[in-house]
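Enquirer: The following block contains a protein sequence and its predicted model.
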Amino acid sequence: MNVKEATSAEVVKTAGAVEEAAADAPVEEVKPAKGEARTDMVGKALGLLVLLGDEPRGASAAEISRRADLPFSTTYRLLGSLTRDGFVDYEPDGRRYHLGLRIFQLGQAVSNHHGFAGTALPILRRVTEQTGEATILSVRDGIHHLTVNKVDGPQTFRVTSDPGYLGALHTTSVGKALVAFAEDEDRERLLEDLPLEPLTSLSITDRDAFRAEIEKVRRQGYAVMDEENELGMRAVAVPVFNSQGTAFASLATAVPVFRLSMEALVATVPLLQAAAVELSARLPQR
């Protein structure tokens, strides 16, 4: 069945078949429909990239179409153009799309521009050498935290928050630190509106409890995560302050629960705070 000839009803009834046929069809260049602005198509394409960023295992064209609330044919054409230009990769076996190498290259360019790669890496390595555990540097990206750099420890058990990872703010130590030491207006908005979806049975989902947790972080100067984001993992994070006294990044040590108690993990806070001061002096602040 040709995607262009399918009616909306047919696409809904036979989405799997349409997608299988579409995957084997030649990639079409995106051409805005009559009356549709090219800038609108660019916005839709960027929206698909954002959706794929939330799908580490990838997603099918039908799944992306449903999440984006776009016609299947439009979604397929946009994915075809994004695949052709390297922004998206297509996995024929599972008929799934993933973010492509071009996105990674752009992310690395942004990281280098902000100094997070070259400038921060030696400091993160030094912290890891002293703790023997993973050290993570994150920034806030809207209602998520974004991992911009990480150094794994020498242990075989590896932390999975790689650079480019988007995580929840309310279930992570880096996220809590970023919320607690954000500008007053931003912090209040996040406290009021941030989605508090549970990721484990220990995740904070109550609005008042989250507000109390953030106030605690502000009082003590660091944030902790104890299996709230991922069972079997805990972490401690400190803010990296700009010249105005708000956090533009956060720095964390993350460990499996069997290796360090929370008390032993919190004992690394002075080391993290010293590294955060150094990062604050060296990194471009935004």
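Expert: Alright, I've got the coordinates. Residues are numbered from 1 along each chain as shown.
Enquirer: Show me the shaky parts of the stretch 1-150 of the chain.
Expert: Applying pLDDT under 70 to the stretch 1-150 of the chain picks out residues 1-39, 56, 101, 104-105, 107-117.
Enquirer: Then the stretch 151-286 of the chain?
Expert: For the stretch 151-286 of the chain, the ranges with pLDDT under 70 are 156-160, 284-286.
Enquirer: need the helices for it, in chain order.
Expert: Using DSSP state H, counting those that start in this stretch, the helices of the stretch 151-286 of the chain run over 173-180, 184-193, 207-220, 262-266, 269-282.
Enquirer: Save those helices as TSV, and put in mean neighbour count too.
Expert: Bear in mind the C-beta positions are built from the backbone N, C-alpha and C, glycine included. Listed next are the helices of the stretch 151-286 of the chain as TSV, based on neighbours: other Cβ atoms under 10 Å:
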stretch	mean neighbour count
helix 173-180	29
helix 184-193	13
helix 207-220	15
helix 262-266	15
helix 269-282	17
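Enquirer: so which of these gets nearest residue 75?
Expert: Closest approach to residue 75 among the helices of the stretch 151-286 of the chain (Cβ to Cβ): helix 184-193, 28.8 Å.
Enquirer: on that earlier part again, export the helices of the stretch 151-286 of the chain to TSV and tack on distance to residue 164?
Expert: Below are the helices of the stretch 151-286 of the chain laid out as TSV (distance: least, Cβ to Cβ, whole Å):
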stretch	distance to residue 164
helix 173-180	14
helix 184-193	22
helix 207-220	25
helix 262-266	25
helix 269-282	19
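Enquirer: Out of the ones you listed, the one nearest residue 42 is which?
Expert: With Cβ to Cβ as the criterion, residue 42 lies closest to helix 184-193 of the helices of the stretch 151-286 of the chain, at 27.7 Å.
Enquirer: For the protein, which segments are assigned as strands?
Expert: Using DSSP state E, the strands of the chain run over 88-91, 96-99, 134-141, 144-151, 166-168, 223-226, 233-241, 247-256.
Enquirer: Looking at these, spot the one closest to residue 266.
Expert: Nearest to residue 266 among the strands of the chain is strand 233-241 (5.7 Å), distances taken as Cβ to Cβ.
Enquirer: what angle do that closest one and strand 134-141 make?
Expert: For strand 233-241 against strand 134-141, the angle by axes from the mean of the first three to the mean of the last three Cα atoms, to 10 degrees is 60 degrees.
Enquirer: Tell me the spacing between residue 191 and residue 96.
Expert: 37 Å (Cβ to Cβ, to the nearest Å).
Enquirer: Does residue 221 touch residue 236 like I think?
Expert: No - assessed by Cβ atoms under 8 Å, residue 221 is found out of contact with residue 236, at 10.9 Å.
Enquirer: Pick out whichever of these two has more residues nearby.
Expert: Neighbour tally, residue 221 and residue 236, criterion other Cβ atoms under 10 Å: the higher count belongs to residue 236, 25 against 13.
Enquirer: partner residues bridging that one?
Expert: Going by DSSP bridges, residue 236 is paired in beta bridges with residue 224, residue 253.
Enquirer: quick one: contacts for it?
Expert: 173, 222, 223, 224, 225, 252, 253, 265, 266, 268, 269, 272 (Cβ atoms under 8 Å, 6 or more residues apart in numbering).
Enquirer: about what we covered before: can you put the strands of the chain in JSON lines and add distance to residue 195?
Expert: Shown next, in JSON lines, are the strands of the chain (distance: least, Cβ to Cβ, whole Å):
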{"stretch": "strand 88-91", "distance to residue 195": "26"}
{"stretch": "strand 96-99", "distance to residue 195": "22"}
{"stretch": "strand 134-141", "distance to residue 195": "14"}
{"stretch": "strand 144-151", "distance to residue 195": "10"}
{"stretch": "strand 166-168", "distance to residue 195": "8"}
{"stretch": "strand 223-226", "distance to residue 195": "17"}
{"stretch": "strand 233-241", "distance to residue 195": "20"}
{"stretch": "strand 247-256", "distance to residue 195": "19"}
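Enquirer: Out of those strands, which gets nearest to residue 40?
Expert: Short answer: strand 88-91, nearest of these by Cβ to Cβ, at 19.2 Å.
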